[in-house]
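> Coordinates for the following, if possible.
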Amino acid sequence: MAQVPPPFPATRLRRLRRNPALRALVRETALTPADLIWPVFVCEGRAERAPIASMPGVARLSIDLLVEAVRDAAGLGIPAICLFPYTDPALKSDLCEEAWNPDNLSNRATRAIKDAVPQIAVMTDVALDPYNAAGHDGIVRDGTIVNDESVEALVRMALAQADAGADILGPSDMMDGRIGAIRTALEAAGHPDTAILSYAAKYASGFYGPFRDAVGASGALKGDKKTYQMDPANSDEALRLVARDLAEGADMVMVKPGMPYLDICRRVSDAFAVPTYAYQVSGEYAMLSAAFDNGWLARDTVMMESLLAFKRAGCDGILTYFAPDAARVLNG
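Numbering: from 1, shown residues only. As a prediction, the model looks like this:
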């Protein structure tokens, strides 16, 4: 229990806020570039930059431009990027076969980044929605997202990504049993050191809309994802999901979205004391960016305050589209 301070004037809490030096001495939470993972979008082509209208300042980049952007991010001290492909609609199918093509866009981008910027960690997305004609994270049969068949496909996808050189796999699909199946397959295939950052507590949120625009899944999506992503009303369930994924072999866990679920971040961090991340998702980014662009909020101040909130809530790091801008502010 916190100690009750002596009464005023023996205690003047403003004493330690009086100047920047005193505030720095007693600051409880720190944010550095090493806390940031930068989500990036890759597209086909060369010298191709396709701005995403619903995410001001964010663009899909062809592999050549993406490599240069990742090189810059590494120079800023950002330790990892998270890769999301914009898949040609002609390659999407009901069975999502392109997901485990060793030469698909994501795997080619992974190899190019690891060849050019080996010091940065590449995290990949393990979910079928970029490759699914129905826009879902799992295979659809007669209107139902089937679990076990989807897990088999996700395992194939994960192995292809590990073969391409991914350092971290990010299963974001929320199918039951996929962490255990992926971990077992990685061990058997000679990838014992490939890390898994599980999207363990991923909610069926309305904040994902701009991301679906970015990966080309918005028009394809039929129905919603409420049968496999979490109910936003639930909190205890998140702890059960995290416990399960850790027991199945996840090395790190994530809460998604971020700011609307800071209470979940705190509960997960307190309960498990494992590396815990939050994803400041596309809707959060778009919302703040719109306010910045309209002059309603001070960009750097609010950007940094929003990221610091995740650290204060117990997160070890944040996936954020603000990563390069935040790193520049932190680097002065």
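
> helices and strands around the worst-scoring helix or strand of the chain on mean pLDDT, which ones?
When each helix and strand of the chain is scored by mean pLDDT, DSSP states H and E, helix 209-215 comes last, with a mean of 88. Secondary structure elements in contact with helix 209-215, counted by 3 or more C-beta pairs under 8 Å, 6 or more residues apart in numbering; DSSP states H and E, are strand 80-85, helix 282-293. Where you see a C-beta, it was placed from the backbone N, CA and C, and this is true even at glycine.

> Please identify the buried residues of the next helix or strand after that helix?
Scanning forward in sequence from helix 209-215, with DSSP states H and E defining helices and strands, the next element found is helix 236-248. Neighbour-count burial for helix 236-248, counted by 16 or more other C-beta atoms under 10 Å, picks out 238, 239, 241, 242, 244, 245, 246, 248.

> show me what contacts the third one?
Looking back up the chat, that one is residue 241. 200, 201, 230 (C-beta atoms under 8 Å, 6 or more residues apart in numbering).

> so where do the helices sit in the stretch 1-150 of the chain?
With DSSP state H, counting those that start in this stretch as the criterion, the stretch 1-150 of the chain has helices at 20-25, 63-75, 105-116, 147-164.

> what does the first one rub up against?
What that stands for is helix 20-25. If you take C-beta under 8 Å, 6+ apart as the criterion, helix 20-25 is touched by 15, 16, 17.

> and the residues you listed, which are buried?
Not one of those meets the buried threshold, by 16+ other C-beta under 10 Å.

> Please render these as CSV that adds distance to residue 211 and pLDDT to the earlier fields.
Compiled in CSV, the contacts of helix 20-25 are given as follows (distance: C-beta to C-beta, whole Å; pLDDT from 0 to 100):
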residue, distance to residue 211, pLDDT
15, 45, 95
16, 41, 95
17, 39, 96
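
> Dump those residues into TSV; add distance to residue 43 as well.
As requested, the contacts of helix 20-25 are exported to TSV (distance: C-beta to C-beta, whole Å):
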residue	distance to residue 43
15	54
16	50
17	48
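
> what's the closest of the helices of the stretch 1-150 of the chain to residue 11?
For the helices of the stretch 1-150 of the chain, proximity to residue 11 was assessed by C-beta to C-beta; helix 20-25 is nearest, at 15.2 Å.

> coming back round to it: kindly reformat the buried residues of helix 236-248 as JSON lines containing pLDDT.
Compiled in JSON lines, the buried residues of helix 236-248 are given as follows (pLDDT from 0 to 100):
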{"residue": "238", "pLDDT": "98"}
{"residue": "239", "pLDDT": "98"}
{"residue": "241", "pLDDT": "98"}
{"residue": "242", "pLDDT": "98"}
{"residue": "244", "pLDDT": "98"}
{"residue": "245", "pLDDT": "98"}
{"residue": "246", "pLDDT": "98"}
{"residue": "248", "pLDDT": "98"}
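
> Name the secondary structure element that contains the closest residue to residue 329 other than its chain neighbours.
Across the structure, with C-beta to C-beta, 6 or more residues apart in numbering as the measure, the residue nearest residue 329 apart from its sequence neighbours is residue 300 (5.4 Å). For residue 300, the enclosing helix or strand under DSSP H and E is helix 299-312.

> Tell me the helices and strands packed up against the following helix or strand past that helix.
The C-terminal neighbour of helix 299-312 among helices and strands, as given by DSSP H and E, is strand 317-320. Contacts of strand 317-320 with other secondary structure elements, assessed using 3+ C-beta pairs under 8 Å, 6+ apart, are made with strand 36-43, strand 276-280, helix 299-312.
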